[in-house]
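Chemist: sequence first, then the predicted structure, then my questions.
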Amino acid sequence: MSSQPATAALVRLRSSDKDMVLEPVSTDVENAAHRQEPDQEISAPAQVPLPAYLQQVYWWAYLHPAAVRVFERQWLVNLILWGNFAQLRDVALDEMGATIDGNILQVACVYGDFTERLAQRLAPTARLDVVDVAPVQLENLKAKLDGGAPRIALHHQDSSNLHFADASYDCVVLFFLLHEQPEEVRAQTVAQALRVVKPGGKVIFVDYHRPQLSNPFRYVMVPILTTLEPFAMDLWRKEIAEWIPEERARTATVKKETFFGGLYQKVVITL
Ligand SMILES: C[S@@+](CC[C@H](N)C(=O)[O-])C[C@H]1O[C@@H](n2cnc3c(N)ncnc32)[C@H](O)[C@@H]1O
């Protein structure tokens, strides 16, 4: 993938504003290593359209004004993952370390305490950027962080079109994002995550996976996923590694681990 053009108009939502007010902040591609202290702002390229799949398939989970009120409950996100939220969160975080240093990118917000727990592990010199395409989700995360995370910046961006420089992050993490995306968007998301990570850096995916034949959840999940999450079965059919662009696949190393009888996977791609 080529670098993003360095001319994207950026706008900023100030953390102190009650309503979303966008103001121009920069015309450069955002660079994790050379940004100003973020002061819990939300920054964004001027135009970030909501993806069609999010509006058509996931409006009730992420976009509707009531969605955050309903789903932002630790017990509910844990139930949706059949009691595995904490384990899956922690396998992602443990992959980054007990103390996490460097420039970290989380692609897409997560209901529950994923980002707060990540924030607790940040070393004093570490920086965390979080991207989401839905403003309501960024606002929700800002409220969860409660302004108490000065080394965290929130960005209104699309995972398939990140406005960050090549090789600018030590680690990129995607927690249950890929299964929500149509295949062509997913391929771009994987390519963008690999583009922005530094050589030697890691991209960590936690997501659905094809369960073992003996796992009863295999049979429970088919109707649930095919009804509510129509792109999720792709992750039962294909390995995440198959979406690595050809030019990266030659040098990438891939480590995969499965959980809960194979229903979930962690895939770590190291460049
Ligand atoms: C990470 S996924 C699912 C996580 C998990 N199911 C949970 O409990 O929240 C949900 C998030 O992905 C975001 N998202 C979906 N498509 C995106 C895209 N193309 N770019 C950035 N964020 C996206 C949604 O707005 C939502 O906040």
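Modeler: Perfect, I can see it now.
Chemist: is it true that Leu235 touches Val206?
Modeler: No - if you go by C-beta atoms under 8 Å, Leu235 and Val206 don't touch, sitting 11.1 Å apart. In this view, the C-beta of every residue, glycine as well, is placed from N, C-alpha and C.
Chemist: between the two, which is the more surrounded one?
Modeler: A count of neighbours by other C-beta atoms under 10 Å puts Val206 above the other of Leu235 and Val206, at 27 against 21.
Chemist: any common contacting residues for Leu235 and Val206?
Modeler: Gln265 (C-beta atoms under 8 Å, 6 or more residues apart in numbering).
Chemist: so how far is the ligand from Arg218?
Modeler: Counting by C-beta to the nearest ligand atom, to the nearest Å, the gap from Arg218 to the ligand is 19 Å.
Chemist: before we move on, what about Leu88?
Modeler: From Leu88 to the ligand the distance is 10 Å (C-beta to the nearest ligand atom).
Chemist: so where's the stretch 101-250 of the chain uncertain?
Modeler: 148 (pLDDT under 70).
Chemist: how about the residues of it by the ligand?
Modeler: With C-beta under 6 Å from any ligand atom as the criterion, the stretch 101-250 of the chain meets the ligand at residues 108-112, 131-134, 137, 158-160, 175-177, 180.
Chemist: give me the buried subset of the residues you listed.
Modeler: Buried by 16 or more other C-beta atoms under 10 Å: 108-112, 131-134, 137, 158-160, 175-177, 180, out of these.
Chemist: still on that earlier bit, narrow the residues of the stretch 101-250 of the chain next to the ligand to those in strands?
Modeler: 131-132, 175 (DSSP state E).
Chemist: need the helices for the stretch 1-150 of the chain, in chain order.
Modeler: 52-56, 65-71, 74-80, 85-96, 114-121, 135-145 (DSSP state H, counting those that start in this stretch).
Chemist: neighbouring contacts of the shortest one?
Modeler: It stands for helix 52-56. Against helix 52-56 from outside (C-beta under 8 Å, 6+ apart): 62-63, 133-134, 180-182, 185, 231.
Chemist: in the protein, which residue sits furthest out from the middle?
Modeler: No residue in the chain sits farther from the centre than Ser214, which is 30.6 Å out by C-alpha atoms, centre = their mean.
Chemist: what helix or strand is the nearest residue in space to Arg248 that is not next to it in sequence on?
Modeler: Distances taken as C-beta to C-beta, 6 or more residues apart in numbering place Leu194 nearest to Arg248, at 5.0 Å, with adjacent residues excluded. Using DSSP states H and E, Leu194 sits in helix 183-196.
Chemist: please apply the same query to Gln265.
Modeler: With DSSP H and E as the criterion, the answer for Gln265 is strand 264-270.
Chemist: what are the buried residues along that strand?
Modeler: 264-269.
Chemist: can you check stretch 222-237 too?
Modeler: For stretch 222-237, by 16+ other C-beta under 10 Å, it's 225, 229, 231-236.
Chemist: now do the contacts for Val172.
Modeler: Val172 makes contacts with 104-107, 193, 196-197, 201-204, as judged by C-beta under 8 Å, 6+ apart.
Chemist: any figure for the gap between Gln87 and Thr125?
Modeler: Relative to Thr125, Gln87 is positioned 29 Å away (C-beta to C-beta, to the nearest Å).
Chemist: got it, and Pro211?
Modeler: Counting by C-beta to C-beta, the gap from Pro211 to Thr125 is 40 Å.
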